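Enquirer: no sequence on this one, just coordinates:
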């Protein structure tokens with residue numbers, strides 16, 4: 001749907017795990033972006049990576065536009081929380097890590113963000 005990420009569904013046996021896919025406690029209310037960031041932070045620690053290299057973070061033109069459209073109260077809360085989650089050198093509001101974190105906080109729980117972006121003409125149908 002977007003050009004810089006993939007939507008997918010992971011099916012596996014219940015086990016002790018936590019992260020973007022949730023924590024398998026069968027309580028969806030603690031699987032929000034904010035709840036996961038609170039438990040784990042905004043980025044996977046280097047020692048926990050499954051791959052040799054960390055994937056780069058890019059913020060597209062559409063995502064930049066969406067950031068400007070984030071509701072002010074939500075945006076301020078996102079910036080404050082992301083400031084707590086990110087490493088000190090990534091806290092600058094202009095870094096892609098900060099923008100990505102704020103974007104997740106503003107829209108990460110909205111499964112209709114792409115539909116909204118299309119309705120605003122930000123993304124072609």
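Expert: Okay, I see it. Keep in mind the model is a prediction, meaning the values are calculated, not measured. Numbering: from 1, shown residues only.
Enquirer: centre-most residue in the chain?
Expert: Most central in the chain under C-alpha atoms, centre = their mean is residue 104, positioned 3.1 Å from the mean C-alpha point.
Enquirer: excluding covalently adjacent residues, which one is nearest to that one?
Expert: Nearest non-adjacent residue to residue 104, counting by C-beta to C-beta, 6 or more residues apart in numbering: residue 33, 4.8 Å away. All C-beta spots, glycine's among them, are computed from the backbone N, C-alpha and C.
Enquirer: so that neighbour sits right up against residue 102, yeah?
Expert: No. Assessed by C-beta atoms under 8 Å, residue 33 is found out of contact with residue 102, at 10.6 Å.
Enquirer: what about those two, which has more around it?
Expert: Legend: neighbour count by other C-beta atoms under 10 Å for residue 33 and residue 102, higher for residue 102 (27 against 20).
Enquirer: residues contacting that one?
Expert: Shown in contact with residue 102 (C-beta atoms under 8 Å, 6 or more residues apart in numbering): 67, 70, 75, 78-79, 82.
Enquirer: report pLDDT for it.
Expert: With respect to pLDDT, residue 102 scores 88.
Enquirer: I'd like to know how far it sits from residue 96.
Expert: Distance of residue 102 to residue 96, given as C-beta to C-beta, to the nearest Å: 11 Å.
Enquirer: again with residue 41
Expert: Distance, residue 41 to residue 96, by C-beta to C-beta: 16 Å.
Enquirer: do residue 119 as well
Expert: From residue 119 across to residue 96, the span is 26 Å (C-beta to C-beta).
Enquirer: where along this protein do the helices fall?
Expert: 33-40, 61-69, 72-85, 96-107, 113-119 (DSSP state H).
Enquirer: now this protein, which segments are flagged as low pLDDT?
Expert: Residue ranges of the chain with pLDDT under 70: 1-8, 42, 88-91, 93, 109-112, 114, 125.
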